[in-house]
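Asker: What would the 3D arrangement of this be:
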Amino acid sequence: MSAVADYLTRNFLSQKELAEKEASRPDTAARHFGIPRPARFESWAAGGTHDLREGPNADSPSDQALCDYLQGRAWVAPEVPVCFLTDLHADREAFWRSLCVAGLVEFDGGPETPLEQVPDASFRLTDFGSQTQFVVGGDLFDKGPANLPLLDAISTFRDLGPSFTLLAGNHDVRTFLGVRFAQEQDPRLAHLFVRMGKKTMTLFRELFEREVAGGDGGARLSDDEVRARLFPQESWFDDFPRVAEGLVPPARIAKELRRVREKMGELEERCRSFGMGLGDVYATLERAEAHFLAPEGRYFWIFDSMQIAHREGSLLFCHAGVDDVAARWLAHEGIEGVRERFRVALADAPFELYNGSLGNMFRTKYRELDLPLTETGLRDLHRVGIHAIVHGHRNVFLGQHMNFRRGMLNFACDACVDRNTRRVESLAGEGSAATIIADDGTIYGLSSDHPAVKVFDPTLYGGWVTCA
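Answerer: Predicted structure coming up:
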């Protein structure tokens, strides 16, 4: 039994055992917030034990399909356990709750302590957490309840010294590009501030209330002056199709023109609802530039260290997925080559980044408008030993999902942990989710929306495990 399996077996007891041992268990932080601990293990594949209003593995492949896929493949395990968290969307408590429930961090305090009242500095790694590598799969920003507390919490966690990788999500990249190129007039870039959308204005409201409102006021630009600096001008709607031709499909160009027009109105309306004029928005943009773009900025590390993808053995971690071009890069240049492409494009070619194969890695849902993954790309990935993609981006319910997408095994881990998504989707209770990949190659899915730990053991389907 691996160290992870042993840990989970000891910590996720039956409800009867849990009730009997509740008073004496040391891991108090993992036992509260009103979330029931998983009481059993079940197969992640279709046909596993179900005990919900609908089968949690409804879209999971059958045992036979997994056998056909994995038979004889070398499934390379990570050297140390990996914890994957994703799509935290401005919810500090969902971040700490997910780590606590998985037994990766702890703090001093009783079960009655509201998580909102526990300072970030009170959390510490457990022994299990100190032996674990952490990968955060992107989308830190937007939705809510609040961006800055989550950014502060992750900064504090990172300072604890764990092995830590932050991946780029579509909301993250959109926020960076909107701030970085807010005043550009190039038709490839002039819409990026507006393209951030009304959801990003929650970040601006937080910065405004924390650092701009109540100050000396100063002179504010007029609404017309701000529109001239930050919004695409009417000529943009003629120029953008010309510069996008050949890189962006016509249907997507048409959609972009429509959405930018809509977002211009939505952004102003959202600002007014926050009691902010466009002059306030411009003053707040200057604070955002100082925090996120200046090397001495409080949150500079976020975009400076953000990666497009991460690889551990047979698993590729990214926010959304891959297409044939990205698969070819991975096969010929390796993960470091693709990361370098991302860093260069983020700084020097943002339009190509967002609309090309790199952008597809944090945007795709394998729709008709998305760049395709075909048998050619699948062969490239398999040839270099990548046999599964672990990602977020696509909301799933009742815990993480496993499925095949374009022939590639996928673990979809955006389990709707942030409060805004849970409200919109009518999900009860507080959200938490952690996906743990053990050093024997087994993958465990833990979620507050499912009463069992989902288990995927590749050796049960004919794969043979080696170490990285």
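
Asker: which residues are contacting the helix or strand hosting Leu409?
Answerer: Using DSSP states H and E, Leu409 falls within strand 408-412. For strand 408-412, the surrounding residues in contact (CB atoms under 8 Å, 6 or more residues apart in numbering) are 61, 66, 69, 321-322, 373, 378, 381, 387-392, 394, 396, 400-404, 435, 443, 445, 456. Any C-beta I mention is one placed from the backbone N, CA and C, and that applies to glycine too.

Asker: Can you show me the CA trace of that strand as PDB?
Answerer: This file holds the C-alpha atoms of strand 408-412, laid out as PDB (Å, rounded to 0.1, in the frame of the first residue of the first chain):
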ATOM      1  CA  MET A 408      -7.500  11.000 -24.600                       C
ATOM      2  CA  LEU A 409      -8.200  10.000 -21.000                       C
ATOM      3  CA  ASN A 410      -9.200  13.100 -19.000                       C
ATOM      4  CA  PHE A 411      -9.700  13.900 -15.300                       C
ATOM      5  CA  ALA A 412     -12.000  16.900 -15.100                       C
END
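
Asker: picking that back up, just the buried ones among the contacts of strand 408-412, please.
Answerer: 61, 66, 69, 321-322, 373, 378, 381, 387-392, 394, 396, 400-403, 435, 443, 445, 456 (16 or more other CB atoms under 10 Å).

Asker: In helices, which of those residues appear?
Answerer: 66, 69, 378, 381 (DSSP state H).

Asker: rewinding a little: average pLDDT for the strand holding Leu409, rounded please.
Answerer: The pLDDT scores in strand 408-412 average 96.

Asker: Strand partners (parallel or antiparallel) of that strand?
Answerer: strand 388-391 (parallel), strand 401-405 (antiparallel) (DSSP bridges).

Asker: now the end-to-end length of stretch 228-244.
Answerer: 22 Å (CA to CA, to the nearest Å).

Asker: Just the pLDDT for the residue of the chain positioned farthest from its centre.
Answerer: The C-alpha centroid of the chain is most remote from Ala219, which lies 38.5 Å away (CA atoms, centre = their mean). Looking at Ala219, its pLDDT is 78.

Asker: pretty sure it is in a helix, no?
Answerer: No - applying DSSP: H, G, I helix; E, B strand; the rest coil, one finds Ala219 to be coil, outside a helix.

Asker: ok now the helix or strand hosting Glu333, how far from the chain's centre?
Answerer: Under the criterion of DSSP H and E, Glu333 resides in helix 324-348. Centroid separation for helix 324-348 versus its chain: 19 Å, with CA atoms, centre = their mean, to the nearest Å.

Asker: what do you get for stretch 254-272?
Answerer: The answer for stretch 254-272 is 24 Å, by CA atoms, centre = their mean.

Asker: List the buried residues in it.
Answerer: 256-257, 260, 263-264, 266-268, 270-271.

Asker: now do stretch 297-304
Answerer: Buried residues in stretch 297-304 (16+ other CB under 10 Å): 297, 299, 301-303.

Asker: ok so, going back, which one of the buried residues of stretch 254-272 is nearest to Pro162?
Answerer: Pro162 has its nearest neighbour among these in Arg270, at 35.9 Å by CB to CB.

Asker: State whether that closest one and Thr200 are indeed in contact, as I suppose.
Answerer: No - between Arg270 and Thr200 there is no contact under CB atoms under 8 Å: 9.2 Å.

Asker: so where's this structure shaky on pLDDT?
Answerer: Applying pLDDT under 70 to the chain flags residues 1-39, 46-59, 110-112, 215-218, 468.

Asker: Domain boundaries for it, per the record?
Answerer: 3-168+306-467, 174-293 (automatic domain parsing).

Asker: start to end distance for the shortest one?
Answerer: The reference is to domain 174-293. 14 Å.

Asker: Now do the strands in the stretch 101-250 of the chain.
Answerer: 105-106, 124-125, 133-136, 163-166 (DSSP state E, counting those that start in this stretch).

Asker: starting at the chain centroid, how far to the second one?
Answerer: The reference is to strand 124-125. With CA atoms, centre = their mean, you get 22 Å for strand 124-125.

Asker: quick one: contacts of it?
Answerer: By CB under 8 Å, 6+ apart, strand 124-125 touches 104-107, 160, 162.

Asker: Pairing partners for it, with directions?
Answerer: Counting by DSSP bridges, strand 124-125 is paired with strand 105-106 (antiparallel).

Asker: which of the contacts of strand 124-125 tops the neighbour count?
Answerer: Leu104 (26 neighbours; other CB atoms under 10 Å).

Asker: What residues does the closest residue in space to that one that isn't next to it in sequence make contact with?
Answerer: In space, and not counting its chain neighbours, Leu104 is closest to Gly129: 3.7 Å by CB to CB, 6 or more residues apart in numbering. Neighbouring residues of Gly129 by CB under 8 Å, 6+ apart: 83, 99, 103-105, 162.

Asker: could those residues go into a markdown table alongside distance to Leu293?
Answerer: Putting these into a markdown table (distance: CB to CB, whole Å) gives the following:
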| residue | distance to Leu293 |
| --- | --- |
| Cys83 | 30 |
| Leu99 | 29 |
| Gly103 | 37 |
| Leu104 | 31 |
| Val105 | 30 |
| Pro162 | 26 |
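
Asker: Looking at those, which are in helices?
Answerer: Leu99.

Asker: Tell me the one of the contacts of Gly129 nearest Phe362?
Answerer: Looking across those and measuring by CB to CB, the closest to Phe362 is Cys83, at 20.1 Å.

Asker: Is the closest one bridged to anything, and to what?
Answerer: Applying DSSP bridges, one finds that Cys83 bridges with Phe134, Ile436.

Asker: what number of residues lie near it?
Answerer: Around Cys83 there are 24 residues (other CB under 10 Å).

Asker: repeat for the one 4 residues further on
Answerer: Residue neighbour count, defined by other CB under 10 Å, stands at 28 for Asp87.

Asker: Over to it. Which of the three states is it?
Answerer: Criterion first, three-state DSSP; result for Asp87: coil.

Asker: related to what we said a few turns ago, render the CA-only coordinates of the helix or strand following the strand holding Leu409 in PDB, please.
Answerer: As assigned by DSSP H and E, the chain's next helix or strand after strand 408-412 is helix 419-424. Below are the C-alpha coordinates for helix 419-424, written out as PDB (Å, rounded to 0.1, in the frame of the first residue of the first chain):
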ATOM      1  CA  ARG A 419     -19.600  30.200  -3.700                       C
ATOM      2  CA  ASN A 420     -20.700  32.100  -6.700                       C
ATOM      3  CA  THR A 421     -20.700  29.000  -8.900                       C
ATOM      4  CA  ARG A 422     -22.500  27.000  -6.200                       C
ATOM      5  CA  ARG A 423     -25.200  29.600  -5.900                       C
ATOM      6  CA  VAL A 424     -25.700  29.800  -9.700                       C
END
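
Asker: which one of the domains of the chain is the most hemmed in?
Answerer: Among these, domain 3-168+306-467 has the highest mean neighbour count (mean count of other CB atoms under 10 Å), at a mean of 19.
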